[in-house]
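> A structural model of the following input is requested.
(one chain, ligands or ions: 1)
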Amino acid sequence: MNIDGKQAAADLRAELAVEVATMQAERNITPGLTVVLVGEDPASQVYVRNKVKQTRDIGMISNEIKLADSTTEEELLMTLASLNNDASVHGILVQLPLPKHINEQKIIATIAPEKDVDGFHAMNSGRLLNGESDALVPCTPQGCVILAKRHLGDDLSGKHAVIIGRSNIVGKPVSILFLQENCTVTIAHSRTQDLPAICRQADILVAAVGRPEFVKADWVKAGATVIDVGINRIERDGKNKLVGDVDFADVQDKCSGITPVPGGVGPMTIACLLKNTVAAAKNYG
Ligand code: NAD
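As a prediction, the model looks like this:
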């Protein structure tokens, strides 16, 4: 069966809308998210537009700062310093990737950790690793765990979660989150030997690789839960298509639940961004 990320994201947004209304009524605080976009990358523009719209739809304040491709690192740092000092801004997100002349790590390190709703600041990665409850956790990994629980129930303890991918954005943080859920976690990556055999051990298989339809049915244990993070644009039958890192048609009858692409992990990413902004406003507003 499909694990419906669209519905899960709608449910989460509905819960958050209630929290936002309560914060407004009880504390006179409206959570605010500012998204900074540097340059003209078309995919980034679509992502930013969706983030701004969904933020406003649940009653939060959303601002977008658009900067030219030619913006210097110094100018971006100054923009971030002023957002860090603006009490009406609870969450700051700098849309990645940035133009080549800007050092991403330096930019991420400049965002105040308590406003870092992407959860990429080293302070937040450290808090996540330490299991501190006030960590702002990267959005896509949070979405993966919510979807796994939607299918399997809240108790994931003892399940073997195999994560393919070890990026800072997805693979590493999602591994820590499943560990916190008392799963046994295996992290596989580009140097892993006999990947199919390792994947076959998984009760929960998370694919965050960036290779279209990479995971096949004979890599999947019967009845496993498959979380497909991949977003890959391919051309098939003369048409552009979006596919995941899992060969959906091949795998769907073998597993007990799978997140489709699109409509799985993707929608949860933005919903979790809103969740982080509400949490930031609650903790520090
Ligand atoms: P990345 O390129 O940073 O990392 C890919 C990982 O896959 C690496 O750690 C690498 O070790 C591993 N890998 C590469 N080739 C492999 C192989 N042959 N065998 C085993 N492992 C291999 O990518 P990322 O940022 O982690 O993103 C992964 C995918 O998830 C991409 O398709 C990306 O578009 C997608 N993504 C989706 C969302 C979302 O909202 N749904 C968010 C972030 C990323």
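> how about residues contacting the longest helix anywhere in the chain?
Using DSSP state H, we find that the single longest helix of the chain is helix 5-27. Contact with helix 5-27 is made by 29-31, 54, 57-60, 143, 146-147, 150, 259-260, 263-268, 270-272, 274-275, 278, 281-282, 285, as judged by Cβ atoms under 8 Å, 6 or more residues apart in numbering. Every C-beta, even on glycine, is put in place using the N, C-alpha and C of the backbone.
> give the buried residues for it.
Going by neighbour count (16 or more other Cβ atoms under 10 Å), the buried part of helix 5-27 is 5-6, 8-9, 12-13, 16-17, 19-20, 23.
> now do the contacts for residue 251.
So residue 251 contacts 215-217, 220, 226, 258 (Cβ under 8 Å, 6+ apart).
> go again with 7 Å.
215, 217, 220, 226, 258 (Cβ atoms under 7 Å, 6 or more residues apart in numbering).
> neighbour-wise, which of those leads?
Using other Cβ atoms under 10 Å as the neighbour criterion, residue 226 leads those with 30 neighbours.
> quickly list what that one is bridged to.
residue 205, residue 258 (DSSP bridges).
> just checking, it touches residue 253?
No: between residue 226 and residue 253 there is no contact under Cβ atoms under 7 Å: 11.6 Å.
> how many neighbours does residue 260 have?
The tally of other residues near residue 260 (other Cβ under 10 Å) stands at 19.
> so what's it closest to, chain neighbours aside?
residue 2 (5.2 Å; Cβ to Cβ, 6 or more residues apart in numbering).
> skipping adjacent residues, who's closest to residue 101 in space?
Nearest residue to residue 101, sequence neighbours excluded (Cβ to Cβ, 6+ apart): residue 73, at 6.9 Å.
> list the contacts of the one you found.
101-103, 106.
> what does residue 209 give?
164-165, 230, 245.
> between those, which has the most around it?
Within the contacts of residue 209, neighbour counts (other Cβ under 10 Å) peak at residue 164, which reaches 28 neighbours.
> right, and residue 76 touches residue 103 too?
No: assessed by Cβ under 7 Å, residue 76 is found out of contact with residue 103, at 9.9 Å.
> now the residue nearest to residue 101: how far from the ligand?
22 Å (Cβ to the nearest ligand atom, to the nearest Å).
> same check on residue 163?
Using Cβ to the nearest ligand atom, one obtains 9 Å as the distance from residue 163 to the ligand.
> lowest-pLDDT helix or strand in the chain?
Least confident helix or strand of the chain, by mean pLDDT, DSSP states H and E, is helix 42-57 with a mean of 93.
> hmm, back to that, compare residue 76 and residue 103 (neighbour count), which wins?
More neighbours surround residue 76 than the other of residue 76 and residue 103, with 22 against 13 (other Cβ under 10 Å).
> now do the buried residues in the least confident helix or strand of the chain.
Neighbour counts using 16+ other Cβ under 10 Å place 44, 47-48, 51-52, 54-55 of helix 42-57 among the buried residues.
> distance from stretch 24-35 to the middle of the chain?
22 Å (Cα atoms, centre = their mean, to the nearest Å).
> model confidence for residue 283, exactly?
Note for residue 283: predicted pLDDT of 89.
> can you pull the phi/psi pair for it?
As for residue 283, its main-chain torsions (degrees, to the nearest 10) stand at phi -80, psi -40.
> who's in contact with it?
Counting by Cβ under 7 Å, 6+ apart, residue 283 makes contact with 114, 134.
> could we number from 654 for the rest of this?
New numbering, starting at 654: the last item is residue 936.
> against residue 822, how distant is it?
Counting by Cβ to Cβ, to the nearest Å, the gap from residue 936 to residue 822 is 23 Å.
> just residue 884 next, same as before
Distance from residue 884 to residue 822, counting by Cβ to Cβ: 12 Å.
> and residue 750, by the same measure?
Separation of residue 750 from residue 822 (Cβ to Cβ) stands at 11 Å.
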